[in-house]
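Enquirer: generate a structure from the sequence data that follows.
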Amino acid sequence: MNNGQLIELLYQALETEAGGVEVYQTALRCTINPDLKKEWAKYLDQTRNHEQLLRNVVEKMGLDPAKETLGRQIVRHKGESLIEAMSMALKGGNMQAAQLVAAECVVDAETKDHQNWELMSQAAADLPGENGKILREACMEIEDQEDEHFYHGVGWSRELWKESLGVPASLPPPEEEEDVNTAEEAAKAKTHQKRVA
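Expert: This is a model prediction of the structure:
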């Protein structure tokens, strides 16, 4: 285990969660679909919890949650760029377009977030001692929620785009309706949707 890289991953993951709170707050300002608004409000609350839980993990592992790294600065910059993109879309005055931009920004943010938790879970499986236990417990608590955020977000983005194109769309998306949490379930949901359409 490259301990330095694990520490970097933890710092980047903490920054991703902190930025995720701001991404969801901004995305909610762009949302006109009531089902999506409800889902993102739930994800905002969960992301706040994820940030606090990860901050506790970092502290329990003897690390400084305020420590700056270059990777963390880059993650913050990328998050700020997503917020700026949504703000630009809002200023454009077309709420359907702003909602599309927000859906894409959420997918971008959740892609990094999903990867972080996947990697932390894999690292935790090989990490010995108390630190391994701390990280495994956090991953067991959070990873399923992160899977949902990612796969449902992809579904929302795709279906909102289809709606905007004037082609048949499923809103809420099949990932939401079938409570998808894995890549396999997402593929099945999309296949089922094609058969129904």
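
Enquirer: pLDDT weak spots in the protein?
Expert: Counting by pLDDT under 70, the low-confidence segments of the chain come to 192-197.

Enquirer: helices of that one, start to end?
Expert: 3-30, 34-60, 70-91, 95-126, 129-165, 174-177, 183-196 (DSSP state H).

Enquirer: now those as TSV including mean neighbour count?
Expert: C-betas here are computed from N, CA, C, even on glycine. Formatted as TSV, the helices of the chain follow (neighbours: other CB atoms under 10 Å):
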stretch	mean neighbour count
helix 3-30	20
helix 34-60	18
helix 70-91	16
helix 95-126	20
helix 129-165	19
helix 174-177	21
helix 183-196	14
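
Enquirer: centroid residue for the chain?
Expert: For the chain, the residue nearest the mean C-alpha position is residue 110 (2.5 Å; CA atoms, centre = their mean).

Enquirer: what's near enough to touch that one?
Expert: Counting by CB atoms under 8 Å, 6 or more residues apart in numbering, residue 110 touches 20, 146, 149-150, 153.

Enquirer: same thing with residue 1?
Expert: Residue 1 is in contact with 123, 126-127, counting by CB under 8 Å, 6+ apart.

Enquirer: and residue 104, by the same measure?
Expert: residue 157.

Enquirer: okay, it and residue 157: tell me how far apart.
Expert: Computed as CB to CB, to the nearest Å, the residue 104 to residue 157 distance reads 6 Å.

Enquirer: can you check residue 65 too?
Expert: Distance, residue 65 to residue 157, by CB to CB: 31 Å.

Enquirer: cool, and residue 2?
Expert: As judged by CB to CB, residue 2 and residue 157 stand 34 Å apart.

Enquirer: so what's the nearest residue to residue 14 once chain neighbours are set aside up against?
Expert: Ranked by CB to CB, 6 or more residues apart in numbering and with sequence neighbours excluded, the top spatial neighbour of residue 14 is residue 54, at 5.0 Å. If you count contacts by CB under 8 Å, 6+ apart, residue 54 has them with 10, 13-14, 17, 138, 142.

Enquirer: what's the answer for residue 43, then?
Expert: Residue 43 makes contact with 24, 149 under the criterion CB under 8 Å, 6+ apart.

Enquirer: for residue 180, phi and psi?
Expert: Here is the backbone geometry of residue 180 (degrees, to the nearest 10): phi -70, psi 140.

Enquirer: what is the burial count for it?
Expert: By the criterion of other CB atoms under 10 Å, residue 180 has 24 neighbours.

Enquirer: if we can go back for a sec, any idea how far residue 65 is from the residue nearest to residue 14?
Expert: Relative to residue 65, and taking CB to CB, residue 54 is found at 8 Å.
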